[in-house]
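Q: Have a look; sequence and predicted model below, questions after that.
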Amino acid sequence: MSQKSPVWLKPAVEFGPLAVFFLAYMAFDLLMATAALMGATLVSLAVWLLVEKRVPMMPLVTAVVVGVFGGLTLWLNDETFIKMKPTIVQALFSVILLGGLLFNKPLLKPLFAAAWSLDQAGWRKLTLRFGIFFAAMAILNEIVWRTQTTDFWVSFKVFGVMLLTVVFAASQAFLLRDHSPPEPEGADET
């Protein structure tokens, strides 16, 4: 996001479609929730574009997968496809991050360098951990949607995934601390 982005932008466009999905599911069913998710995702991309004059890569990739798997869900009247969508997105992020490491490219660095200052070893470790986390989340989604009710899966998708992601991200605080470059001498002197 640009420096002048409104504070509300990122949470609204990232969590807005998820909230719309959940509310539509509670009011109707998974097919209506899928249609609502597709519409809300398009709106979120339009908001990014209007406010930022660009669309970040991760929301764009997610939107394409939502469009494809949501479209298949509606066209074939089969919930399987929308339930597989989180698996595909998480697995894709995992493959991209872990694949980048194979080429010595910690791909989280260009995404988060403005927020975090880490040494190269820290970027590699953080990218590896996120790559493994995304792979584990893809596997977990497969287990949940294949073994639990749709109601349970929707709650897991909306609340469980968010909680697990927050806990995982918070658990990286020690890595961020341990791999921050030292402050230049005299930086804290006034």
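A: On my side now, so go ahead.

Q: Going along the chain, name the helices of the protein.
A: With DSSP state H, the ranges of helices along the chain come out as 9-27, 30-52, 57-76, 80-102, 108-112, 120-147, 150-155, 161-170, 173-178.

Q: ok, and for the shortest one, which residues are buried?
A: The neighbour-count criterion (16 or more other CB atoms under 10 Å) identifies Leu108, Lys109, Leu111 as the buried residues of helix 108-112. Bear in mind the C-beta positions are built from the backbone N, C-alpha and C, glycine included.

Q: mind putting the helices of the chain in CSV, mean pLDDT included?
A: Below are these laid out as CSV (pLDDT from 0 to 100):
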stretch, mean pLDDT
helix 9-27, 93
helix 30-52, 95
helix 57-76, 93
helix 80-102, 96
helix 108-112, 89
helix 120-147, 97
helix 150-155, 98
helix 161-170, 96
helix 173-178, 94
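
Q: out of the buried residues of helix 108-112, which one sits closest to Trp48?
A: Distance to Trp48 across the buried residues of helix 108-112 (CB to CB) is lowest for Leu111, with 15.1 Å.

Q: So what does Ala115 look like in phi/psi?
A: As for Ala115, its main-chain torsions (degrees, to the nearest 10) stand at phi -90, psi -40.

Q: how close does it sit to Arg129?
A: Counting by CB to CB, to the nearest Å, the gap from Ala115 to Arg129 is 16 Å.

Q: before we move on, what about Phe21?
A: Plainly put, Phe21 is 28 Å away from Arg129 if you go by CB to CB.

Q: what's the burial count for the closest residue to Leu111 other than its chain neighbours?
A: Setting aside the residues directly before and after it, Leu111 is nearest to Met58 in space (CB to CB, 6 or more residues apart in numbering), at 7.8 Å. Under the neighbour criterion other CB atoms under 10 Å, Met58 is assigned a count of 14.
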